[in-house]
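[1] My questions are about this predicted structure, shown below with the sequence.
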2 protein chains.
Amino acid sequence: MARTRGSVGAETEKAIRKAAVELIAKHGFEAMTLRDLAEHVGLQPGSIYRYIATKDQLLVDIMAEHMETLIAAWRAADRPDADPRLRLEGFVDFHIRYHFQRQKEVVIANLELRSLTPDARRACVGLRKTYEGELRGILEAGITQGFFSPTDSGIATNAIISMLTGVCFWYSPKGKLSADDIIAIHKRLVLGGLSGTPRGEAKIIPLAAGRN
Amino acid sequence: MARTRGSVGAETEKAIRKAAVELIAKHGFEAMTLRDLAEHVGLQPGSIYRYIATKDQLLVDIMAEHMETLIAAWRAADRPDADPRLRLEGFVDFHIRYHFQRQKEVVIANLELRSLTPDARRACVGLRKTYEGELRGILEAGITQGFFSPTDSGIATNAIISMLTGVCFWYSPKGKLSADDIIAIHKRLVLGGLSGTPRGEAKIIPLAAGRN
């Protein structure tokens, strides 16, 4: 279980991590064997334990690292004193652009939570809640300041994150729309969805009579 | 491979399908063995082949049936001649309520596409596109009639489906908000996101200067 140290060891660890991300995203965690993984990076099956503790730990490390770098990158991009509408636009832009670069990690973070041990799942869900808390804070600031219609900020946070993360499951850089186009469309959907006249006179579209 | 016919056989097939949905949603398709499945329904391991052709076919059947009943149920609920805003509200209500009743099937339909053989995946993706086409038709009718701001209807369809399906991954009937509350919040997010004055003068919230 002892890890190999030094720069060669670090390079190999990185290569293992990268190959694991590819294999898990493609076939699922359960379907990946450490034998496959060793083969992909040119190691003997037994040697892989010099670089990773267990298969479970490898998944935890991949998911936790993904969430931690995501949170740090967002905090570096955010301007907490800015207008909540600008911050929300910034969040949409950041989230989509960041995730476009890491589609495989997003697939894993969303599909493999159930493969984690209960403790590891709690830790990863905790990191996710921290990230969601950043968006929720923006929504609450916008509601308090009267820029967004009052709504349940927790539900709206989940809804927006689902919408923005969903993009990663179908986006192709070869598609007809650029990342910028897709981001612009999502900004309008998100900002429009929350918009209302100040202090909560919601811009609900009037509907035909006879229906609640 | 011959299937057992008759009502007892049909009951057993139903029990197998139900147990498979539970096991796949909980542990993933790759992790489920037919031996587990047989045990769950009280069959000898070898006997399960009297009811299912292969493990792969079982997954295809679960996913295709889920999508086919979803499409049929929506078409029965839709009122194609109604105002697109009402139809969109109806879609949000239908989609969330229908999926709340079938959270496990939704998890499978979203997480196990990669476990299908290429042909089966194409068939299931085709069914999904048919369903998405229903929403897309509503958005296009609403844009044409000037009720919704012009946007890329394909992207907006994907975004709305992601948002509405995401609910199924965190909703708990024991939560503090009722299904009705959650549906109302999502209706406002979706309708608001698409809203605009007739003929496309979009209600974009004015943002502070100095940013595109």
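    Everything's here; your move. Residues are numbered from 1 along each chain as shown, chains lettered A, B, ... in the order given.

[2] Now the longest helix along chain A: buried residues?
    Using DSSP state H, we find that the single longest helix of chain A is helix A:118-144. Residues of helix A:118-144 classed as buried by neighbour count (16 or more other Cβ atoms under 10 Å in any protein chain shown): A:120-121, A:123-124, A:127-128, A:131, A:134-143. C-beta here means a position set from N, CA and C on the backbone, and glycine is covered the same way.

[3] for stretch A:44-54, same thing?
    Buried residues in stretch A:44-54 (16+ other Cβ under 10 Å): A:48, A:51-52.

[4] pLDDT of it, averaged?
    The average pLDDT for stretch A:44-54 rounds to 91.

[5] And the residue nearest to A:Gln103 when sequence neighbours are not counted, how far from A:Ala109?
    Excluding its sequence neighbours, the residue lying closest to A:Gln103 (Cβ to Cβ, 6 or more residues apart in numbering or on different chains) is A:Cys168, at 4.9 Å. According to Cβ to Cβ, to the nearest Å, A:Cys168 and A:Ala109 sit 10 Å apart.

[6] Would you point out which residue is most central in chain A?
    Residue closest to the average C-alpha location in chain A (Cα atoms, centre = their mean): A:Val106, at 5.6 Å.

[7] Please report the number of neighbouring residues for the residue lying closest to that one once chain neighbours are set aside.
    Distances taken as Cβ to Cβ, 6+ apart place A:Cys168 nearest to A:Val106, at 4.4 Å, with adjacent residues excluded. Neighbours of A:Cys168 under the rule other Cβ atoms under 10 Å in any protein chain shown: 22.

[8] Wait, A:Cys168 touches A:Ile108, no?
    No: using Cβ atoms under 8 Å, A:Cys168 is not in contact with A:Ile108; the gap is 11.1 Å.

[9] Please identify every residue contacting each of the two.
    Common contact partners of A:Cys168 and A:Ile108 (Cβ atoms under 8 Å, 6 or more residues apart in numbering or on different chains): none.

[10] coming back round to it: would you reformat the buried residues of stretch A:44-54 as CSV and include secondary structure and distance to A:Gln101?
    Output for those, formatted as CSV (DSSP: H, G, I helix; E, B strand; the rest coil; distance: Cβ to Cβ, whole Å):
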residue, secondary structure, distance to A:Gln101
A:Ile48, helix, 27
A:Tyr51, coil, 25
A:Ile52, coil, 24
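
[11] Okay, strands next: where are they in chain A?
    For chain A, the strands defined by DSSP state E occupy A:196-197, A:201-202.

[12] where does chain A have its least confident helix or strand?
    Between all helices and strands in chain A, the lowest mean by mean pLDDT, DSSP states H and E belongs to strand A:201-202, at a mean of 37.

[13] what's the spacing between the longest helix of chain A and its chain's center?
    Counting by Cα atoms, centre = their mean, to the nearest Å, helix A:118-144 is centred 11 Å from the centre of its parent chain.

[14] got it, and stretch A:176-187?
    How far stretch A:176-187 lies from its chain's middle: 18 Å, per Cα atoms, centre = their mean.

[15] same question, stretch A:90-107
    With Cα atoms, centre = their mean, you get 6 Å for stretch A:90-107.

[16] What's the mean pLDDT across it?
    Mean predicted confidence for stretch A:90-107 is 92.

[17] per the record, what domains does chain A have?
    Following automatic domain parsing, one finds the domains of chain A at A:1-53, A:55-202.

[18] Export those to TSV and append columns for distance to B:Ile161.
    Putting the domains of chain A into TSV (distance: least, Cβ to Cβ, whole Å) gives the following:
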stretch	distance to B:Ile161
domain A:1-53	21
domain A:55-202	7
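
[19] Comparing those, which comes out most buried?
    Ranked by mean neighbour count under mean count of other Cβ atoms under 10 Å in any protein chain shown, those are led by domain A:55-202, which reaches a mean of 18.

[20] what ranges of chain A fall below the confidence cut-off?
    Applying pLDDT under 70 to chain A flags the ranges A:1-6, A:196-212.

[21] Please, where are all the helices along chain A?
    Under DSSP H, chain A gives helices at A:6-27, A:34-40, A:55-77, A:84-100, A:103-111, A:118-144, A:153-170, A:179-194.

[22] Stretch A:55-63 vs chain B: in contact?
    No: Stretch A:55-63 lies out of reach of chain B by Cβ under 8 Å from any Cβ of the partner chain, never closer than 12.6 Å.

[23] Over to stretch A:81-100?
    Yes: Stretch A:81-100 lies within reach of chain B by Cβ under 8 Å from any Cβ, at A:82-83, A:85-86, A:89.

[24] wait, what's in contact with A:Glu132?
    A:157-158, A:161 are the contacts of A:Glu132 under Cβ under 8 Å, 6+ apart.

[25] and which of those is nearest B:Ile71?
    A:Asn158 (25.8 Å; Cβ to Cβ).

[26] Am I right that the closest one is in contact with B:Leu164?
    No: A:Asn158 is beyond contact range of B:Leu164, at 11.3 Å (criterion: Cβ under 8 Å).

[27] ok, A:Ala15 to B:Thr33 distance?
    32 Å.

[28] nope, A:Ser153 is what I meant
    On the measure of Cβ to Cβ, A:Ser153 and B:Thr33 end up 43 Å apart.

[29] cool, and A:Val167?
    35 Å.
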